[in-house]
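>>> Sequence below, structure please.
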Amino acid sequence: MELIRFPECDRIQIRNTRYQGVREGIYTLYNERECNGRASYVQEGSDPNYIFYVETSDGWNGWMVGSTWCLNKAGIAVQDEARHPDEVLSVWEEVYNNEWFYSESVEVVCAGLCVPDDIIAFGMNL
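Below is the predicted model:
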């Protein structure tokens, strides 16, 4: 059997933060908006946060989680060039008292898949 990797996850979950609990939860694809050529996600709820990819002029490239979409300002971040946030292999960082701390407990995982109707996997229609 061949494992099929779909282009991107349509729902991302952030969990196990130490300092940024407000950013935990489920994020869905953000109306097909991209930031720096990567998919973006918006948190479910009334006061949402966003997951987006940033490339800065000083060479910092990575994923951020913040309250303003596609702005180089966040409460959670990771310097990693993974194509999607659930594929990050580096340790995420969190802000606490205006300082960044590595937080090995932070998990950013796929919580669902976007499967087009015409995809066939393992010989069966999904």
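
>>> hey, let's count contacts and neighbours off CA atoms from now on
OK.

>>> what residue ranges in this protein score low on pLDDT?
1-7, 113-126 (pLDDT under 70).

>>> mind redoing it with 50?
1-6, 115-126 (pLDDT under 50).

>>> In space, not sequence, find me the middle residue of it.
residue 85 (3.7 Å; CA atoms, centre = their mean).

>>> That residue against residue 108, yeah?
Yes. At 6.8 Å, residue 85 counts as touching residue 108 under the criterion of CA atoms under 8 Å.

>>> Please enumerate the strands of the chain.
With strands called from DSSP state E, the chain shows them at 9-15, 25-35, 38-43, 50-55, 61-66, 76-78, 93-96, 99-102, 107-113, 120-121, 124-125.

>>> Give me whichever of those strands is most buried.
Ranked by average neighbour count under the criterion mean count of other CA atoms under 10 Å, the strands of the chain are headed by strand 50-55 at a mean of 26.

>>> Neighbouring strands - and their directions - for it?
Using DSSP bridges, the strands paired with strand 50-55 are strand 38-43 (antiparallel), strand 61-66 (antiparallel).

>>> okay, these in CSV with distance to residue 13 next?
Shown next, in CSV, are the strands paired with strand 50-55 (distance: least, CA to CA, whole Å):
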stretch, distance to residue 13
strand 38-43, 9
strand 61-66, 12
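
>>> For residue 20, which of those is the nearest?
strand 61-66 (9.8 Å; CA to CA).

>>> could I get that closest one in PDB with only the CA atoms?
C-alpha atoms of strand 61-66 as PDB (Å, rounded to 0.1, in the frame of the first residue of the first chain):
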ATOM      1  CA  ASN A  61      12.100  32.300   8.400                       C
ATOM      2  CA  GLY A  62       9.400  30.400  10.300                       C
ATOM      3  CA  TRP A  63       5.900  30.000  11.600                       C
ATOM      4  CA  MET A  64       4.200  32.400  14.000                       C
ATOM      5  CA  VAL A  65       1.000  32.400  16.000                       C
ATOM      6  CA  GLY A  66      -0.300  35.900  16.700                       C
END
